[in-house]
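>>> Sharing a model that was predicted from the sequence below.
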Amino acid sequence: MSWIGELSGGKPPEPYIDDSPNKVPDPNIPNRMVSTKSANQPFLAYKEYRVDQEAKHAAWLEKKRVHDEKVAKGEPVEPLEPDPTEPVEIGLFGLLKFFFILFVCIALAGKFFTGSYTWDYQTRLLQLKTFIPQNQRLFSESLLAKYNGEDGRPLYLAIDGDVYDVSKGKAYQPGGSYHHFVGTDAARAFGTGCFQTHRTHDLRGMSDRELAGLAHWKQFYANHKDYVKVGRVNHPPINPATPIPEHCDPKKAQAAKEEEEAKKKEKTKSEHEEL
Ligand code: HEM
């Protein structure tokens with residue numbers, strides 16, 4: 001910690017003396033010799049390179065002078081070659097080429113290490129079909145019901161009106177755990193989890209949590225790499241006088257009933273107060 005000692009008024013450090021036997025003139029400071037030790041090699045090599053470049057540039061300048069003189073005299077001349085020391089312009093094309101090669105290398109490395117050109121990253125944006133406009137159809141409920149995989153037809157399901165081709169999904173095949181979603185719009189079941197009793201698009205009385213669950217599944221289908229939106233289903237309007245589908249969980253069903261009754265009471269109370 002010699003510098004600490006020096007700061008506190010102690011003895012300054014001994015000056016560095018380069019006493020190595022192999023020395024050459026310092027390329028940067030005139031009249032100074034520096035050792036050829038390996039730490040100095042990059043600087044010495046760079047100086048050598050610069051000297052070489054300057055010599056090439058001087059030779060080119062001489063050629064140019066002769067060339068220009070001939071031109072001025074009207075003598076026939078060969079076209080002047082470009083200055084070999086001129087820095088190479090990369091330009092937009094060079095930049096694009098660089099990024100293209102970079103992407104190809106990353107994709108090949110992905111294939112080598114993970115078996116996937118995209119490093120197992122899956123998104124619709126990497127699917128060609130995302131950019132090909134699909135033929136969107138308007139389905140009636142009875143037409144949608146036909147797309148259940150029977151007779152070689154594809155598997156379609158609807159969620160809150162949007163119809164998707166889910167033929168590539170294992171779970172939707174006949175006998176699969178989610179086959180019940182096929183051929184219908186069971187939007188309510190996506191939010192409540194009542195797969196048997198809520199196969200309906202009726203969303204009345206659903207809690208915020210259930211609606212958030214439904215929104216999640218809507219996003220799931222919209223962003224899925226294998227499922228394609230094929231159209232919309234046209235539902236007949238829901239009669240508000242019909243009862244709201246009961247929850248499959250008895251506790252939640254009871255809570256919903258109590259909430260409904262409390263709302264009704266509140267409504268009649270405020271109507272009385274108005275009179
Ligand atoms: C509100 C509740 C739930 C909904 C709406 C729901 C919905 C779904 C849907 C739509 C799929 C198919 C995804 C795809 O296209 O690949 C799926 C797959 C799956 N779900 Fe659920 N799920 C629910 C709850 C559960 C629960 C509680 C379990 C576990 C006990 C579960 C286990 C699975 C399994 C194992 C798969 C994969 C099936 C396969 O690919 O064969 N789900 N779920």
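Okay, I see it.

>>> hmm, stretch 174-187 touching the ligand?
Yes. Stretch 174-187 lies within reach of the ligand by Cβ under 6 Å from any ligand atom, at 177-178. C-beta here means a position set from N, CA and C on the backbone, and glycine is covered the same way.

>>> which residues touch that stretch?
Stretch 174-187 has contacts (Cβ atoms under 8 Å, 6 or more residues apart in numbering) with 141, 144-150, 155-161, 166, 169-173, 189-190, 195-196, 198-201, 203, 214, 233, 235.

>>> isn't there a strand covering Pro21?
No. Going by DSSP: H, G, I helix; E, B strand; the rest coil, the assignment for Pro21 is coil, not a strand.

>>> how many other residues sit next to Pro133?
6 (other Cβ atoms under 10 Å).

>>> Which strand or helix spans it?
Using DSSP states H and E, Pro133 falls within no helix or strand.

>>> Could I get the pLDDT score of it?
As predicted, Pro133 sits at a pLDDT of 76.

>>> separation between it and the ligand?
Pro133 sits at a distance of 24 Å from the ligand (criterion: Cβ to the nearest ligand atom, to the nearest Å).

>>> Could you do Phe139 as well?
In terms of Cβ to the nearest ligand atom, Phe139 sits 19 Å off from the ligand.

>>> Mind telling me what element that residue is part of?
Going by DSSP H and E, Phe139 is part of strand 137-140.

>>> what about that strand, distance to the chain center?
33 Å (Cα atoms, centre = their mean, to the nearest Å).

>>> picking that back up, in ChimeraX, how would I select just the buried ones from the contacts of stretch 174-187?
To isolate the buried ones among the contacts of stretch 174-187 in ChimeraX, judged by 16 or more other Cβ atoms under 10 Å, type:
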select :144,147,148,149,155,156,157,158,159,160,166,169,172,173,189,190,198,199,200,201,203,214,233,235
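
>>> Filter the contacts of stretch 174-187 down to the ones in strands?
Among the contacts of stretch 174-187, the ones falling in strands (DSSP state E) are 156-159, 233.

>>> Of the residues you listed, which ones also sit close to the ligand?
Counting by Cβ under 6 Å from any ligand atom, no member of the ones in strands among the contacts of stretch 174-187 is near the ligand.

>>> got those residues as a markdown table, with pLDDT columns?
A markdown table is the format used below for those (pLDDT from 0 to 100):
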| residue | pLDDT |
| --- | --- |
| Tyr156 | 97 |
| Leu157 | 98 |
| Ala158 | 98 |
| Ile159 | 98 |
| Val233 | 97 |
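
>>> Pull the most distant pair out of those residues.
Tyr156 and Ile159 (10.9 Å; Cβ to Cβ).

>>> hang on, the earlier thing: buried stuff in the strand holding Phe139?
Phe139.

>>> With stretch 227-241 instead?
In stretch 227-241, counting by 16+ other Cβ under 10 Å, buried: 227-228, 230-233, 235.

>>> for the nearest residue to Cys194 once chain neighbours are set aside, what are its contacts?
Counting by Cβ to Cβ, 6 or more residues apart in numbering, the nearest residue to Cys194 once its immediate chain neighbours are dropped is Cys248, at 3.6 Å. Applying Cβ under 8 Å, 6+ apart to Cys248 gives the contacts 192-194, 196-198.

>>> redo that, cut-off 7 Å
Contacts for Cys248 (Cβ atoms under 7 Å, 6 or more residues apart in numbering) come out as 194, 196-197.

>>> where's it relative to Met206, distance?
Noted for Cys248: a distance of 13 Å to Met206, by Cβ to Cβ, to the nearest Å.

>>> and Thr114, what does it touch?
Asp120.

>>> Which phi and psi values does it adopt?
Dihedral pair for Thr114: phi -120, psi -10, per degrees, to the nearest 10.

>>> do the same with Lys73
phi -80, psi -10.

>>> how many neighbours does it have?
8.

>>> do the same with Tyr16
6.

>>> ok, it - contacts?
Contacts of Tyr16 (Cβ under 7 Å, 6+ apart): none.

>>> does it belong to a helix or a strand, and which?
Counting by DSSP H and E, Tyr16 is found in no helix or strand.

>>> measure it to Pro27 for me?
Taking Cβ to Cβ, one finds Tyr16 at 19 Å from Pro27.

>>> and if you look at Glu75?
41 Å.
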